[in-house]
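# sequence and predicted structure are below.
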Amino acid sequence: MNESLLNALMQLFALIVDEQKLGFEMAARDVVSEWLQKQFSKEWTERYLEDFDRYLKESHCDEDGQACFINKHLEVEQVCGRLLEEVEQEQKVWVMLQLLEFIDDTEFTGPDELDLVKTVSKIFRIPKSEFENSRQFIIGDEYSIPFNEHILIIDSNENWKHELVKHIYSSRMRGRIFILHLESTNTMIMKYFGEYNLFLNGHNVKLDRGYVLSFGSVVRSPRIDPIYYSQISSVFIERKNLSDIHFTAKNVEFNFPGSNNGLQPVSMQMESGQLVGVMGGSGTGKSTFLNVLNGTLPLKNGRICINGYDLHLDESKLQGVIGYVPQDDLLVEELSVYENLFYNAKLCFDDTSDEKIEEIIDSTIEDFDLVEARDLKVGDPINKVLSGGQRKRLNIALELMREPSVLFVDEPTSGLSSMDSEKVMLLLKRQVLKGKLVICNIHQPSSDIFKLLDKLVMMDQGGKVIYFGNPIDAVVYFKTQSHYVKANESECLTCGNVNSEQILRIIEARMMNEYGKQIRKRKRNSDEWYELYKGNIESNNPVIEPTEKKQLPKNYFSIPKRWDQLKIYLSRDIKSKLSNRQYMLITILEAPLLAIILGYFTKYISGADAEHTSYLFSLNENIPSFIFMAVVVALFLGMIISAEEILHDRRMMKREQFLNLSRASYLNSKVIVMLIISAIQTFLFVILANTILEIEGLTWVYWLVLYTASACANLIGLNLSAGLNSVVAVYVSIPFILVPQLLFSGVIVSFNKLHPAITTQKYVPLVGDLMTSRWAYEALVVAQFKDNEFEKKFFPYEQKMSEAAFRSSFLIPLLEQTYESWLKNEKEKDFCLVRNELLKLSKIYTLPENIELSRIYLRHSSENINAWLEKVKQASRTDYKNNSNERDRVYNELIQTFGDSEKVFEFKEKYHNEAIEQIVLNRREINKLIKYKDEIIQLKDPVFQIPGERNGRAQLFASQKRLGNYLIDTFWFNLIIIWLTTIVFYFSLYFDVLRRVLAFIEFLRVKILPEGDFRIARKRQK
């Protein structure tokens, strides 16, 4: 109660005293004094009595002390006007009730005095009906209080019935308790008429005197059963609901895999209109208890029902009935409060119009006191924009805006100030008063918050429930079980506060050693408390498993179709990224800056005859290095931008999974956004880098390859983000992926010089085929050599020239030499090599009919074999000459087109790079061919070789890949391979393969390690 409110009340008390009734001022003063003594100390009572005397004198006399008459209604309006914007509506109603009580106590019940109070109610916007009901209730007696739908009677008449008045049966009550309910502020006023001495929150109740019931109030007497605030409020709530909620848990039990920890068997029943608090020390299983009851964790035994519907078997029928607010934030930190609510509403109300959604959002913002924060960005816990209380209220609002009938809230007051904690709990209490069932974990609540609870669940170590019932009675229960003195005192009789921490101190009480110091052993362990609960509480309140299904409350929750969810997720993700200016700045500028760095420092200037400082693309020896680094950059950028995407939303995904929203839609939105960002990044990179290095005519080729590599890296990053549990683990894992991409790309270490266990001389080893970097690098290098504007005019002819030259100059001479060696030494290895190579030549040049490739024929017909080989050699030379002529013809045509040979040479220097040519023709390799496993392997001109394998395998830098009977250009073949790899990673992401594999490994570790070793390992991890 603030000072301005109390001063206003003193003024109003003074104004009510009729100046015409001289001599009655002292009686009124006694009433005010008695009222103040109940509220304050002697010092404050005297102070406010002086204020009352002053205000009373001012209402009778003017400034000179002369008697005067004032317009009391005008004075009342002025006094109340000062309070209009200062106090809440509940306090305004309280002022009106105090004035009516003052009139009743002083017996100034004339029309003038009541008109003054009526004026107060009008100024405070209190409904006329509530004023009349309050007046009749407070001033009336047992027989004059009118019966209506706002009245509740508590008595011992079991058969009492009335069509409007509500009733609670109390078997041992002597007399009657009347309760008036004021709906606008949910205020309840009590009057007692009877024989017994009753106590309200430890204070004696006077007959025919109005008392405002606060949250957690209890009416007690040794002769009657306690009457709780929750009982009274639930009666008035019932009329608002077409269908009540009955939540039943019967013999519910849960264990974590590989452990006995979890939730021990428990049975309890809860109903709508109850705020249930779950308390206990750290590690007692409070969050586990919530997750079991809300269906997140599977049951080992037992059954959970809501209105008869099984939580697990009838999941589709209960969709939208349950809401869950975890302890962690579920907010998109880059979006504003309004935008968080908007996207949440779009995912929860498919059949609702945009206008209705706007109404829901506006109402939610106002109800949850977020008006000032409406357009503020949420921000993260480090860079705070919203306060802790606002963040918590927004979290709850996200769930409550869809109006679930049962709400689970994990630690709603964690990390909040006392004021914010009270605001959050009052918010939850308001939901209860709307007829919902709210179950929340709460840690060390204040007295005011503790009194808000209607039911209390106490938990102890090992997931054992040791109390379930009224919160105020919990203090008495634990004090009684521990043999405390004055165990029946549940609260302070002076201030009415409840010490909730006393319960935890009783439960955790330790034994003493001989030196009077506490030891670890408790006076009563969790098993003993659990047995007491089973015997004293659960056995006396048996839970009957429902046999019939009752109507569920109306539910507006409706999930959009998957396509619509995808559009919503896309919009949310794009908006959140665009609103994060720092992220967008780094994302957009990172690729261009890297392009400038790579382009500038790899722009090797060798000079020309005319000008030594001029740059020639053809003479830039760093182009192969640039291409490799460009591939590395694409992989790195693709992985980095996606590495935190899903991990960042992990908590939000759990809630969306709880709502049965499509995980595929969410993942697809992430994939699409990452692909768009990678497309922009690689485009900017290619445009800048190719411009700096003057790479002409292949911009589209470079972009497509680098974008494809980056897209594959996107999916790898998303897999890491989805499978690992921390940002540190994700970024530590990235080198384990990138380093193999560098090592097995064929650039840093030649495939021919890797460890013999994994390499092969004929094709790229399998480990290289698994690397995205290899396919991307090969595609770019081959395209740069083969598809540039100059070389593509000559490539078909040079390819045939290379084949013919290799056969005539290298293959056939070595074959003839090996054949002669076999004839002399008859080594089996030489025979196999000769036969295999002759067989391959016979597929190109027809083998004469009289020649056989048998061992006998080869041994005795060397003249025929050598003659045929000579014929093949001559044919190859002829092929070479013919294709060389064709090449010369094309060259001459270019001279005619450009005008002279110098311009043709300039044309070549513009598009053709000599360093690339050296790599794809393997000119740095001294050996042009080698013998390997009964074959002769060509090392010369790999780009001109046509692979023989039909499964796509080939040497590095092959210009074509053979698949079956078809030859596919390396550029397209490699792109297809990378996209197929990307698709594999997509399905890995969709089915959460990495997380499942890691979970399986952890499961094996638990199973294989002895229990003791496992516990030690767990302890060391902590």
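Thanks, I have the structure now. Residues are numbered from 1 along each chain as shown.
# contacting residues for the residue nearest to the spatial centre of the chain?
When CA atoms, centre = their mean is applied to the chain, the residue found nearest the centroid is residue 652 (1.9 Å). Shown in contact with residue 652 (CB atoms under 8 Å, 6 or more residues apart in numbering): 330-332. In short, each C-beta sits where N, CA and C put it, glycine included.
# switch to 10 Å and redo it
Contacts for residue 652 (CB atoms under 10 Å, 6 or more residues apart in numbering) come out as 326, 328-332, 344, 398, 666.
# tell me the buried residues in the host helix or strand of residue 814?
Residue 814 belongs to helix 812-825 when assigned by DSSP states H and E. Buried residues in helix 812-825, counted by 16 or more other CB atoms under 10 Å: 812, 814-816, 818-819, 822-823.
# after it comes which helix or strand?
Next element after helix 812-825 (DSSP H and E): helix 828-842.
# pLDDT (mean, whole number) over that next one?
Average pLDDT, helix 828-842: 90.
# coming back round to it: now the contacts of residue 652 as a markdown table including secondary structure and distance to residue 114?
As requested, the contacts of residue 652 are exported to a markdown table (DSSP: H, G, I helix; E, B strand; the rest coil; distance: CB to CB, whole Å):
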| residue | secondary structure | distance to residue 114 |
| --- | --- | --- |
| 326 | coil | 52 |
| 328 | coil | 55 |
| 329 | coil | 52 |
| 330 | coil | 52 |
| 331 | coil | 51 |
| 332 | coil | 55 |
| 344 | helix | 49 |
| 398 | helix | 47 |
| 666 | helix | 63 |
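# narrow those residues to those that are buried.
326, 329-332, 344, 398, 666.
# all helices for the stretch 301-450 of the chain, in order.
337-348, 354-367, 388-400, 418-433, 447-452 (DSSP state H, counting those that start in this stretch).
# quick one on the thing from earlier: so the residue nearest to the centre of the chain, which state does it fall into?
helix (DSSP: H, G, I helix; E, B strand; the rest coil).
# surely residue 597 meets residue 689?
Yes - the pair residue 597 / residue 689 is scored as a contact, 9.4 Å apart, by CB atoms under 10 Å.
# give me the common contacts of the two.
Residues touching both residue 597 and residue 689 by CB under 10 Å, 6+ apart: 629, 633.
# between the two, who's got more neighbours?
residue 689 (27 against 13; other CB atoms under 10 Å).
# ok, the more buried one - contacts?
591-592, 594-600, 602-603, 626, 629-630, 633, 695, 702, 706.
# buried only: go through the residues you listed for me.
By 16+ other CB under 10 Å, the contacts of residue 689 give 591, 594-595, 598-599, 602-603, 626, 629-630, 633, 695, 702, 706 as buried.
# burial count for the residue nearest to residue 747 when sequence neighbours are not counted?
Leaving out its chain neighbours, the residue that sits closest to residue 747 by CB to CB, 6 or more residues apart in numbering is residue 628, at 4.9 Å. By other CB under 10 Å, the residues close to residue 628 number 20.
# pLDDT on the helix or strand harbouring residue 628, on average?
Secondary structure from DSSP H and E places residue 628 in helix 623-642. Here helix 623-642 scores 96 as its mean pLDDT.
# how far off centre is it?
Here helix 623-642 is found 30 Å from its chain centre; the criterion is CA atoms, centre = their mean, to the nearest Å.
# now for the helix holding residue 814, which elements pack on it?
The helices and strands touching helix 812-825, judged by 3 or more CB pairs under 10 Å, 6 or more residues apart in numbering; DSSP states H and E, are helix 828-842, helix 855-860, helix 862-898, strand 929-931, strand 936-938.
# send the alpha carbons of it over as PDB?
Extracted in PDB, the C-alpha atoms of helix 812-825 (Å, rounded to 0.1, in the frame of the first residue of the first chain):
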ATOM      1  CA  ILE A 812      53.900 -49.800 -78.700                       C
ATOM      2  CA  PRO A 813      57.700 -49.500 -78.200                       C
ATOM      3  CA  LEU A 814      57.300 -50.500 -74.600                       C
ATOM      4  CA  LEU A 815      54.900 -53.300 -75.600                       C
ATOM      5  CA  GLU A 816      57.400 -54.600 -78.100                       C
ATOM      6  CA  GLN A 817      60.200 -54.400 -75.600                       C
ATOM      7  CA  THR A 818      58.100 -56.300 -73.000                       C
ATOM      8  CA  TYR A 819      57.100 -58.900 -75.600                       C
ATOM      9  CA  GLU A 820      60.700 -59.600 -76.500                       C
ATOM     10  CA  SER A 821      61.500 -59.900 -72.800                       C
ATOM     11  CA  TRP A 822      58.800 -62.400 -72.300                       C
ATOM     12  CA  LEU A 823      59.900 -64.500 -75.300                       C
ATOM     13  CA  LYS A 824      63.300 -64.700 -73.600                       C
ATOM     14  CA  ASN A 825      62.400 -65.100 -69.900                       C
END
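# now do that helix and helix 828-842, the angle between them.
140 degrees (axes from the mean of the first three to the mean of the last three CA atoms, to 10 degrees).
# so for helix 812-825, what's the average pLDDT?
For helix 812-825, the mean confidence score works out to 92.
# do the same with stretch 781-796
95.
# list the buried ones in it?
So, applying 16+ other CB under 10 Å, buried residues of stretch 781-796: 781-788, 790-791, 794-795.
# now the helices of the stretch 301-450 of the chain as TSV including distance to residue 648 and mean pLDDT?
Shown next, in TSV, are these (distance: least, CB to CB, whole Å; pLDDT from 0 to 100):
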stretch	distance to residue 648	mean pLDDT
helix 337-348	15	94
helix 354-367	24	92
helix 388-400	17	90
helix 418-433	25	86
helix 447-452	33	85
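# for residue 619, find the nearest of those.
Among those, helix 337-348 comes nearest to residue 619, with 55.1 Å by CB to CB.
# that closest one vs helix 354-367, what angle?
130 degrees.
# dump the C-alpha coordinates for helix 337-348 into PDB.
Below are the C-alpha coordinates for helix 337-348, written out as PDB (Å, rounded to 0.1, in the frame of the first residue of the first chain):
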ATOM      1  CA  VAL A 337       8.500  -8.700 -29.700                       C
ATOM      2  CA  TYR A 338       5.700  -8.200 -32.200                       C
ATOM      3  CA  GLU A 339       7.500 -10.300 -34.900                       C
ATOM      4  CA  ASN A 340       8.100 -13.100 -32.500                       C
ATOM      5  CA  LEU A 341       4.400 -13.200 -31.600                       C
ATOM      6  CA  PHE A 342       3.400 -12.800 -35.300                       C
ATOM      7  CA  TYR A 343       5.300 -15.800 -36.600                       C
ATOM      8  CA  ASN A 344       4.300 -17.900 -33.600                       C
ATOM      9  CA  ALA A 345       0.600 -17.000 -34.300                       C
ATOM     10  CA  LYS A 346       1.100 -17.900 -38.000                       C
ATOM     11  CA  LEU A 347       2.400 -21.300 -37.000                       C
ATOM     12  CA  CYS A 348      -0.500 -21.900 -34.500                       C
END
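# where does pLDDT dip in the stretch 401-550 of the chain?
Counting by pLDDT under 70, the stretch 401-550 of the chain shows low-confidence ranges at 490-496.
# ranges for the strands of the stretch 51-200 of the chain?
Ranges of strands within the stretch 51-200 of the chain are 151-155, 166-169, 175-182, 187-194, 199-200, based on DSSP state E, counting those that start in this stretch.
# I appreciate the help and will end here.
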